[in-house]
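1. Need a 3D model of the sequence below.
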Amino acid sequence: MKYIQKDNNIIVWQNDFNLNETLDCGQAFRWEKISTSFDCTYKGFYLNHPLTISAKGDHFIFHDTSEQDFLNIWVNYFDFETDYGKIKKLLSKDKTLAKACEFAGGIRLLRQDKWEALCSFIISQNNNIPRIKGIISRLCAHYQGFPSPQQLALENIDSLSFLRAGFRAKYLLDASRRIANGELDLGEIAAMPINDARKALMSIKGVGPKVAECALLYGMYRIEAFPIDVWIKRVLEQYYPNGFPEFANEYAGIAQQYLFHYIRSLQKSTTQMA
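-> Sure thing, here's the model as predicted:
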């Protein structure tokens, strides 16, 4: 990574990074694409830190960002210190993964907050991205920022009716109360052996295997976690009937990101050609 400070902006040159692929791939729900003169621009948040970021040619612009915030918040959030070129080279030993890496190789795994990611993927159950974003937007507007477990633990089903989250509200309450009272510690869960971490997360009402994997991958940077939805299930059935390649298990979560977008693109192309 190379960067310079220019006026109130940070200008960044970063390999293996595509803004659209990273911020519009379903791993985070507080980013919105806005119209500007740049190649693309997004406004969003990490917890309660706002950011407007643009892509222009071979560089990225972090608007109205101090060098301190860039180095202390955004370098880690966008995982700029990880060599994705090295990871893709390893994954590309497999033919299908090689095609997936080539297709969507600009995706980086966002290092999200543990609590926010857990809430987000509890909300994501049986839901679509516009509705997920709507619920999270109403939640943040109500609290003037993303609420802490302690804040949310004081609510009840009736007081959360403004979210229009349906059955998910009771799951949010269970998660917040168990974290607020110390029964669960997300920091401790993040450091557990992966199977123990899965079990701990699934002790929360409404948290099944997929939500647990998403919380581990996107909120705790457990890159060996491997969320399986309908698209990834198709990938496994079609390309890996004998099991996912063992050599890729270390980076399974990152591989999953590439595979997800690759298989969806193939499906879309097939549909358009039919």
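2. Please tell me how far the nearest residue to Cys140 once chain neighbours are set aside sits from Tyr42.
-> Using CB to CB, 6 or more residues apart in numbering and skipping the chain neighbours, the partner closest in space to Cys140 is Phe146 (5.5 Å). C-beta: built from backbone N, CA, C; applies to glycine. Separation of Phe146 from Tyr42 (CB to CB, to the nearest Å): 17 Å.
3. Ile157 too?
-> From Ile157 across to Tyr42, the span is 34 Å (CB to CB).
4. out of those two, which sits in the more crowded spot?
-> Taking other CB atoms under 10 Å, Ile157 and Tyr42 do not tie; Tyr42 has more neighbours (20 against 11).
5. ok, and the more buried one, which helix or strand is that part of?
-> strand 40-46 (DSSP states H and E).
6. now Tyr3
-> strand 2-6.
7. For that strand, buried residues please.
-> Across strand 2-6, burial judged by 16 or more other CB atoms under 10 Å covers Tyr3.
8. Also compute the angle for the helix or strand following that strand relative to strand 2-6, please.
-> Going down the chain from strand 2-6, the next helix or strand is strand 9-13, by DSSP H and E. Here strand 9-13 runs at an angle of 160 degrees relative to strand 2-6 (axes from the mean of the first three to the mean of the last three CA atoms, to 10 degrees).
9. next structured bit after strand 9-13?
-> Strand 9-13 is succeeded, C-terminally, by helix 19-23 (DSSP H and E).
10. who's in contact with that following helix?
-> 31, 33, 39-40, 42, 44, 53-55, 60, 78, 104, 106-108, 110, 261 (CB atoms under 8 Å, 6 or more residues apart in numbering).
11. And the pLDDT at Ile204?
-> Per-residue pLDDT puts Ile204 at 97.
12. how would you label it: helix, strand or coil?
-> coil (DSSP: H, G, I helix; E, B strand; the rest coil).
13. Can you list the neighbours in contact with stretch 216-234?
-> 27-28, 109-118, 120-121, 186, 189-190, 194, 197-198, 201, 209-210, 213-214, 236, 244, 249-254, 256, 259-260, 263-264, 267.
14. same thing with stretch 167-184?
-> Residues outside stretch 167-184 that contact it (CB under 8 Å, 6+ apart): 115, 118-119, 122-123, 125, 127, 135, 149-153, 155-157, 160-161, 163, 165, 185-186, 200, 203-207.
15. make it 7 Å
-> For stretch 167-184, contacts defined as CB atoms under 7 Å, 6 or more residues apart in numbering pick out 118-119, 122-123, 125, 149-150, 152-153, 155, 157, 160, 163, 186, 200, 204-206.
16. In helices only, show me those residues.
-> Members of these lying in helices (criterion: DSSP state H): Leu118, Cys119, Ile122, Ile123, Pro149, Gln150, Leu152, Ala153, Leu186, Ala200.
17. rewinding a little: avg pLDDT for the following helix or strand past the strand holding Tyr42?
-> Following strand 40-46 in sequence order, the next helix or strand is strand 49-56 (DSSP H and E). In this model, strand 49-56 has an average pLDDT of 97.
18. if I look at the closest residue to Ile122 other than its chain neighbours, how far off is Asn126?
-> Leaving aside its chain neighbours, Ile122 sits nearest to Tyr171 (5.0 Å; criterion: CB to CB, 6+ apart). If you measure Tyr171 against Asn126 using CB to CB, the figure is 12 Å.
19. quick one, which of these two is more surrounded?
-> Legend: neighbour count by other CB under 10 Å for Tyr171 and Asn126, higher for Tyr171 (19 against 8).
20. Which of the helices or strands spans that one?
-> Counting by DSSP H and E, Tyr171 is part of helix 168-180.
21. Would you mark the buried spots in that helix?
-> For helix 168-180, by 16+ other CB under 10 Å, it's Arg168, Ala169, Tyr171, Leu172, Leu173, Asp174, Ala175, Ser176, Arg177, Arg178, Ile179, Ala180.
22. In those, find the pair that's most separated.
-> Greatest spacing in the buried residues of helix 168-180, by CB to CB: Arg168 and Ala180 (18.1 Å).
23. need the contact list for His59.
-> Ile11, Val12, Trp13.
24. same thing with Tyr143?
-> Going by CB under 7 Å, 6+ apart, Tyr143 touches Gln151.
25. ok, it to Gly219 distance?
-> Tyr143 is 19 Å from Gly219, by CB to CB.
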